[in-house]
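Asks: kindly generate the corresponding structure for this input.
(2 chains)
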Protein chains: 2
Amino acid sequence: MIDTTRPWTVGLDVGGTKTHALLLDGGGVVRAERRAPTQTGVAGVVEGSVHLAKELLADTGVAPAELAGVGLALPGVVDPVAGTCRNAVNLAIDEPVALAPLVSAGLGGVRVRLENDLNAAVLGAQHLLAAAGEPPSDDLAFLALGTGLAAGLLLDGRLRRGAHRGAGEIGHLTFVAGGAPCACGQRGCLEQYGSGSALDAAWPSRTGRPSPVEVFEAAAAGDPTAVAVRDEFARAVAAAVRVLVLTCDVGTVVIGGGVSQLGQPLLAAVVAELDRQAAASSFLAGLDIPARLRLAPAGVPAGAVGAALVGRTERNR
Amino acid sequence: MIDTTRPWTVGLDVGGTKTHALLLDGGGVVRAERRAPTQTGVAGVVEGSVHLAKELLADTGVAPAELAGVGLALPGVVDPVAGTCRNAVNLAIDEPVALAPLVSAGLGGVRVRLENDLNAAVLGAQHLLAAAGEPPSDDLAFLALGTGLAAGLLLDGRLRRGAHRGAGEIGHLTFVAGGAPCACGQRGCLEQYGSGSALDAAWPSRTGRPSPVEVFEAAAAGDPTAVAVRDEFARAVAAAVRVLVLTCDVGTVVIGGGVSQLGQPLLAAVVAELDRQAAASSFLAGLDIPARLRLAPAGVPAGAVGAALVGRTERNR
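Replies: The predicted structure is shown next:
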């Protein structure tokens, strides 16, 4: 239920390097957007979030009292009921901190809800795909390809947080036995091959533009090394998609994260790899995995949209 | 809610080679048990199930009218609402068949419910572990190591069937790139390494006893080939467990299926492998995977118990 007398919500996706903020109206439409470098630590996250929210309100002339709520998406282990966050390494927040009341105090007592960033992103992606005219779905994974590789899961309409709030950590499944060392201590983890960082390492930027853009352009132009880098990357992403489909049988897999800004060429490379595998396996062909793939809508930050949706819910999901 | 005037339910786990049947009382205790070779085809499954149910009733003097219901667990794609089963290759049932009304008609109109066999097994395992004094859990995977390798998932108290009723098919994730060919058309599938069939192939029975028993005994006696076979098997099972934990973060993983009759030596081999991996990875160590492992209770067929539980539910779960 949307409170029509207070239809606005602010969503903040607090990433390791930048924070994305937006104002959502009662119809679920983004009405204003801002981004700023993230300030880390508890005080930094609280002050940065409060400051960005106030700027959005000033931009649009909305009063804090008109807000139904504020949602914060955080790259850590979130307890949405307690309003705490812990293990957010990239924010320099380790022990559990009750961020929600601190941000609320800075915004005149408005209700603040927290959510894990990938959980927010899957809710945001669900909303954005429906807004773009896709058939409504309550069964999605958001596969984030960025610094790392991980997924947010919405199964049968419910966020799957996991018994220890660790669901979706598929980037640390083994892709290459005895392969590249991972910071987690294992070797050959999927995220060493299927993340933005993996592309950065395999094809360091030569022109200052993002590595993924350079690799995919060079591959399209026929550079054999770039083709090899692109295709190995696509194999790893396809493996991540297969893990999500064979384990959870999720209806839709949304490819998001920074690398997804590549758009159609990325989707085409992953689909080509999935098609190649399905040609050899009637089992895989029957799963029709390519038909489940979507790109995260371009230009709209799914995590911040999802954070705003979390901010306006009456109850935790 | 249990109907105390009709407290009994029959559960039938119709496997590819044998059918397990039991009578559960209102307190969830197994009061009679039978098994018989499975008759395949629609008529075979219906007649075999009706016959076994009648035998159980005759064994115990319970009248059909005293049954709250009958549950059938089937190795295929089940629509529990429609009461249909399809794609049960090992039962020679391909197209969707409404088995529930056929079995019901043979048993005087008693309510019959169908469930996928692994879904029934995870419900049965949940019930049996609680009955054995484990803390109650509504977040479990049942990892079946038998002819193949697959899992049933109970997440946050709800069966995870999947968008296309295909959740838990982790046996067809790649374990060895370019490895052993699988009937599914892929190579190196997990079930080529972590199933009972994999042990049969790697160590054909020499004495007529089951291969898993022979391998584990020979390995315990120091036979280096057997040690290698056992440890590769344990690596594959550990990989399956990691997939379940990292993807779904399931609270408990119950190791079941025929191979689980090995008991503690199987659990010890898998735990040793998981411990070895955790020693190299603080990330894995933090997941505390060995603490989540349980063996399916010995001597009680979890699938048939789960089928009986399904048979007595008022609504589908």
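
Asks: what's next to the helix or strand harbouring residue A:197, contact-wise?
Replies: Taking DSSP states H and E as the criterion, residue A:197 maps to helix A:196-202. By C-beta atoms under 8 Å, 6 or more residues apart in numbering or on different chains, the residues outside helix A:196-202 that reach it are A:145-148, A:191-192, A:210-212, A:215, A:229, A:232-233, A:236, A:257-259. For the C-beta atoms, the positions are set from N, CA and C on the backbone; glycine is no exception.

Asks: identify each buried residue in that helix, please.
Replies: By neighbour count with 16 or more other C-beta atoms under 10 Å in any protein chain shown, helix A:196-202 contains the buried residues A:196, A:197, A:198, A:199, A:202.

Asks: just the ones of the contacts of helix A:196-202 in strands?
Replies: residue A:145 (DSSP state E).

Asks: contacting residues around the nearest residue to residue A:205 once chain neighbours are set aside?
Replies: Closest residue in space to residue A:205, ignoring its immediate chain neighbours: residue A:211 at 4.9 Å, by C-beta to C-beta, 6 or more residues apart in numbering or on different chains. By C-beta under 8 Å, 6+ apart, the contact set of residue A:211 is A:196, A:199, A:200, A:202, A:203, A:204, A:205.

Asks: what's the closest non-adjacent residue to residue A:203?
Replies: Residue A:203 sits nearest to residue A:215 (C-beta to C-beta, 6+ apart), 4.4 Å away.

Asks: which parts of the stretch 101-250 of chain A are helices?
Replies: Ranges of helices in the stretch 101-250 of chain A, per DSSP state H, counting those that start in this stretch, are A:117-131, A:191-194, A:196-202, A:211-220, A:224-248.

Asks: any idea how far the helix holding residue A:197 is from the middle of the chain?
Replies: In terms of C-alpha atoms, centre = their mean, to the nearest Å, the centre of helix A:196-202 is found 18 Å from the chain centre.

Asks: CA atoms only for that helix - export them in CSV, please.
Replies: Only the C-alpha atoms of helix A:196-202 are listed here, as CSV (Å, rounded to 0.1, in the frame of the first residue of the first chain):
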residue,chain,number,x,y,z
GLY,A,196,34.5,-6.6,-14.6
SER,A,197,37.8,-7.0,-12.7
ALA,A,198,38.6,-10.1,-14.7
LEU,A,199,38.2,-8.1,-17.9
ASP,A,200,40.3,-5.3,-16.5
ALA,A,201,43.1,-7.8,-15.7
ALA,A,202,42.9,-9.6,-19.0
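
Asks: show me the shaky parts of chain A.
Replies: Scanning chain A for pLDDT under 70 picks out A:1-5, A:314-317.

Asks: show me the domain layout of it.
Replies: Following automatic domain parsing, chain A resolves into domains at A:8-121+A:301-312, A:135-295.

Asks: from what I see, residue A:46 and residue A:100 are in contact.
Replies: No - counting by C-beta atoms under 8 Å, residue A:46 stays clear of residue A:100, with 10.0 Å between them.

Asks: now residue A:196: how far from residue B:130?
Replies: In this view, residue A:196 and residue B:130 are 45 Å apart by C-beta to C-beta, to the nearest Å.

Asks: wait, I meant residue A:30
Replies: 47 Å.

Asks: so what's the residue count around residue A:97?
Replies: When neighbours are counted by other C-beta atoms under 10 Å in any protein chain shown, residue A:97 registers 19.

Asks: hmm, it is touching residue A:87, no?
Replies: No - look at residue A:97 against residue A:87 with C-beta under 8 Å: they stay out of range, at 10.7 Å.

Asks: wait, residue A:48 touches residue A:36, no?
Replies: Yes - Residue A:48 lies in contact with residue A:36 (C-beta under 8 Å); the separation is 6.7 Å.

Asks: what is in contact with the two at once?
Replies: Counting by C-beta under 8 Å, 6+ apart, the shared contacts of residue A:48 and residue A:36 are residue A:19.

Asks: so those two - more neighbours on which side?
Replies: residue A:48 (21 against 14).

Asks: one step back: and the residue nearest to residue A:205, how far from residue A:191?
Replies: In terms of C-beta to C-beta, residue A:211 sits 15 Å off from residue A:191.

Asks: residue A:143 too?
Replies: 11 Å.

Asks: give me the common contacts of those two.
Replies: By the contact definition C-beta under 8 Å, 6+ apart, residue A:143 and residue A:191 are jointly contacted by residue A:149.

Asks: the more surrounded of those two?
Replies: Shown here are residue A:143 and residue A:191; by other C-beta under 10 Å, residue A:143 has more neighbours (32 against 27).

Asks: what distance do you get for that one to chain B?
Replies: Distance of residue A:143 to chain B, computed by C-beta to the nearest C-beta, to the nearest Å: 12 Å.

Asks: same question for residue A:181.
Replies: From residue A:181 across to chain B, the span is 10 Å (C-beta to the nearest C-beta).

Asks: repeat for residue A:13
Replies: The value you get for residue A:13 to chain B, if C-beta to the nearest C-beta is used, is 22 Å.

Asks: that residue is in what secondary structure piece?
Replies: Using DSSP H and E, residue A:13 sits in strand A:8-14.

Asks: quick one, the next helix or strand after that strand and helix A:117-131 angle?
Replies: Once the chain leaves strand A:8-14, the next helix or strand it forms, by DSSP H and E, is strand A:18-24. Inter-element angle recorded for strand A:18-24 and helix A:117-131: 40 degrees (by axes from the mean of the first three to the mean of the last three C-alpha atoms, to 10 degrees).

Asks: helices or strands up against the next helix or strand after strand A:18-24?
Replies: With elements assigned by DSSP H and E, the helix or strand that comes after strand A:18-24 is strand A:30-37. For strand A:30-37, the packing partners by 3 or more C-beta pairs under 8 Å, 6 or more residues apart in numbering or on different chains; DSSP states H and E come out as strand A:18-24, helix A:41-60.

Asks: near chain B, which residues of the stretch 201-317 of chain A show up?
Replies: When proximity is defined as C-beta under 8 Å from any C-beta of the partner chain, the stretch 201-317 of chain A approaches chain B at A:239, A:242-252, A:277, A:280-284, A:287, A:292.

Asks: any of those buried? List them.
Replies: Buried, going by 16+ other C-beta under 10 Å: A:239, A:242-252, A:277, A:281, A:283-284, A:287, A:292, out of those.

Asks: burial count for the closest residue to chain B within the stretch 1-150 of chain A?
Replies: Residue nearest to chain B within the stretch 1-150 of chain A (C-beta to the nearest C-beta): residue A:139, separated by 4.8 Å. The local packing of residue A:139 (other C-beta under 10 Å) involves 20 other residues.

Asks: which residue does the stretch 201-317 of chain A bring closest to chain B?
Replies: Residue of the stretch 201-317 of chain A nearest chain B, by C-beta to the nearest C-beta: residue A:249 (2.4 Å).
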